[in-house]
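> got a sequence here, can you build the structure:
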Amino acid sequence: MSSFTAEELKILQEEYRLSITTKPSLLSVYTEDLLDEQMLHNYLVYIKEQTKSANIMVASSLFVKRYSFAVLIALYAMSALSKKVDFSIKNVAIESEEERDTLWQPFFKLNNVSIEDASDRNRIKWRNDILTQIFANHIDVLFSLINKKCKLSMAIMWENLYIYIKWMYEKLLSDSQYNHLHETITDDYIYLLQEGPSSLFGSHDHNPFSKFAKSKHNNQSTYKRTTCCFSYLVGDQRNFCKICPIVHDRKKA
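Down below sits the predicted model:
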């Protein structure tokens, strides 16, 4: 077992919202507690009220967007640091600093911070173990419960997450400090979003990211969503996001 260096922790905290402290708030919670349907419902109601979302389904989509940063912590550790964090549901906590934060931008704390270094002999198996823990055993479980309780479509949730993953990997690949890891990062990126088998992702008959990666808009300078995330139903301003399919369709019309 090893740990993060001070510089690695700095990047995870500043860029991927890792927290090493507990922040008392109604919106701070252990992810494991959200597997209780009533707890999940109550929590999403808090988010709805905090962010002035139109309804609980809109709040659910916002929750998925924010929770995507927890996933990025684990993926950054894997691809950029060759380290495996414990991303089991019981090990992640959502930490909200300010109840007055109407944008609701939480941090994420790992209760057990022990790290497992990559296996030089079998990195493929090591990577599959990480992705299975992140997606099949954690994200798919959480998304399925949100879908059941709030009727938010699985496609919206997976595309919300896809956009953040795409953003992170493309940022890493364009950053010269990671040039020495370019091959590894590219391989992880393609495997995760296109080539990885459905078994890594839980209750799916295909890789749930692949249809977004294969979208005709994927390689354009600005990705266009195929689903709507309902950001125009959050807050007082009610603005459409820049990659909204509704706005794109209106421009075409």
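> what about the strands in the stretch 51-200 of the chain?
Counting by DSSP state E, counting those that start in this stretch, the stretch 51-200 of the chain has strands at residues 83-84, 92-95, 107-110, 116-117.
> ok now the second one, how far from the chain's centre?
Same thing as strand 92-95. 13 Å (CA atoms, centre = their mean, to the nearest Å).
> alpha carbons only: can I get that strand in CSV?
Listed in CSV are the C-alpha atoms of strand 92-95, where the atom choice follows Å, rounded to 0.1, in the frame of the first residue of the first chain:
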residue,chain,number,x,y,z
VAL,A,92,-17.1,7.7,-0.4
ALA,A,93,-18.7,10.7,1.4
ILE,A,94,-20.1,13.8,-0.1
GLU,A,95,-18.9,16.9,1.7
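> partners of it, with directions?
strand 29-30 (antiparallel), strand 107-110 (antiparallel) (DSSP bridges).
> now those strands as a markdown table including mean neighbour count and mean pLDDT?
From N, CA and C alone the C-beta is placed, and that goes for glycine too. Putting these into a markdown table (neighbours: other CB atoms under 10 Å; pLDDT from 0 to 100) gives the following:
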| stretch | mean neighbour count | mean pLDDT |
| --- | --- | --- |
| strand 29-30 | 18 | 96 |
| strand 107-110 | 22 | 96 |
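> those strands into a markdown table, with extra columns for distance to residue 144?
Shown next, in a markdown table, are the strands paired with strand 92-95 (distance: least, CB to CB, whole Å):
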| stretch | distance to residue 144 |
| --- | --- |
| strand 29-30 | 19 |
| strand 107-110 | 20 |
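> quick one: closest of the ones you listed to residue 56.
Ranking these by proximity to residue 56 (CB to CB) places strand 29-30 first, at 16.2 Å.
> please point out which parts of stretch 190-202 sit buried.
191-193, 196, 200-202 (16 or more other CB atoms under 10 Å).
> for that stretch, measure first residue to last.
Using CA to CA, to the nearest Å, the gap from the first to the last residue of stretch 190-202 comes to 19 Å.
> ok, now stretch 15-25?
Termini of stretch 15-25 sit 22 Å apart (CA to CA).
> which residues are in contact with that stretch?
Counting by CB atoms under 8 Å, 6 or more residues apart in numbering, the neighbours of stretch 15-25 from elsewhere in the structure are 9, 12-13, 28, 69-70, 72-73, 76, 93, 95-99, 105-110, 113, 168.
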